[in-house]
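> Sequence and predicted structure below; questions after.
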Amino acid sequence: MKKLEIIIQPEKLEALKAILDASNVSGIMISNIMGYGNQKGHKQFYRGAEYSVNLLPKIKVETVVEPEVAEPLIRKIVEEIKTGAYGDGKIFVYEVQDAVRIRTGERGSAAL
């Protein structure tokens, strides 16, 4: 199994949820986070003064999928979410050794 940790801009959340629903992803976890990447934030002007905003709002979506689903899903997300601008986000992919559904005790893919 593969865990996908998808970091996106908040306005892209509905598009990402639509992609995941269309791909029959069984569950997602969503967190509001703040951070910055290579650009280190941006400058804003407020009442004539310049401010450096280096922590930007982001959304982190986590899900666990079968290995054969992961790559096509990643390609689809990149195709539909990217704008080509800084801050589009990242996808981190992790190996998941096991999953256990607490309610039933099912393990592995059955627990998803």
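Thanks, I have it.
> contacts and neighbour counts: CA atoms only from here.
Noted.
> quick one: low-confidence parts of this protein?
Where the chain drops to pLDDT under 70, the residues are 40-44, 51-52.
> Which positions in the top helix by length along it come out as buried?
The residue-count maximum for a helix in the chain (DSSP state H) belongs to helix 67-81. Buried positions in helix 67-81, judged by neighbour count with 16 or more other Cα atoms under 10 Å: 70, 73, 77, 81.
> unless I'm mixing things up, the second one is touching S23, no?
It refers to L73. Yes - look at L73 against S23 with Cα atoms under 8 Å: they come within range, at 7.2 Å.
> can you redo the buried residues of helix 67-81 as a markdown table with distance to V96?
As requested, the buried residues of helix 67-81 are exported to a markdown table (distance: Cα to Cα, whole Å):
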| residue | distance to V96 |
| --- | --- |
| A70 | 12 |
| L73 | 17 |
| I77 | 20 |
| I81 | 25 |
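> which residues of this structure fall in strands?
Applying DSSP state E to the chain gives strands spanning 2-8, 29-35, 42-46, 49-53, 56-65, 90-95.
> Columns distance to A110 and mean neighbour count on top of those, output as JSON lines?
Below are the strands of the chain laid out as JSON lines (distance: least, Cα to Cα, whole Å; neighbours: other Cα atoms under 10 Å):
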{"stretch": "strand 2-8", "distance to A110": "14", "mean neighbour count": "20"}
{"stretch": "strand 29-35", "distance to A110": "18", "mean neighbour count": "12"}
{"stretch": "strand 42-46", "distance to A110": "45", "mean neighbour count": "10"}
{"stretch": "strand 49-53", "distance to A110": "44", "mean neighbour count": "10"}
{"stretch": "strand 56-65", "distance to A110": "11", "mean neighbour count": "19"}
{"stretch": "strand 90-95", "distance to A110": "17", "mean neighbour count": "14"}
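> Indicate which one of these is closest to G105.
Set against G105 and scored by Cα to Cα, the strands of the chain come closest in strand 56-65, at 17.4 Å.
> Report the angle between the closest one and helix 67-81.
Angle, strand 56-65 to helix 67-81, by axes from the mean of the first three to the mean of the last three Cα atoms, to 10 degrees: 150 degrees.
> which residues touch strand 56-65?
1-10, 13, 25, 27-36, 41, 96, 112 (Cα atoms under 8 Å, 6 or more residues apart in numbering).
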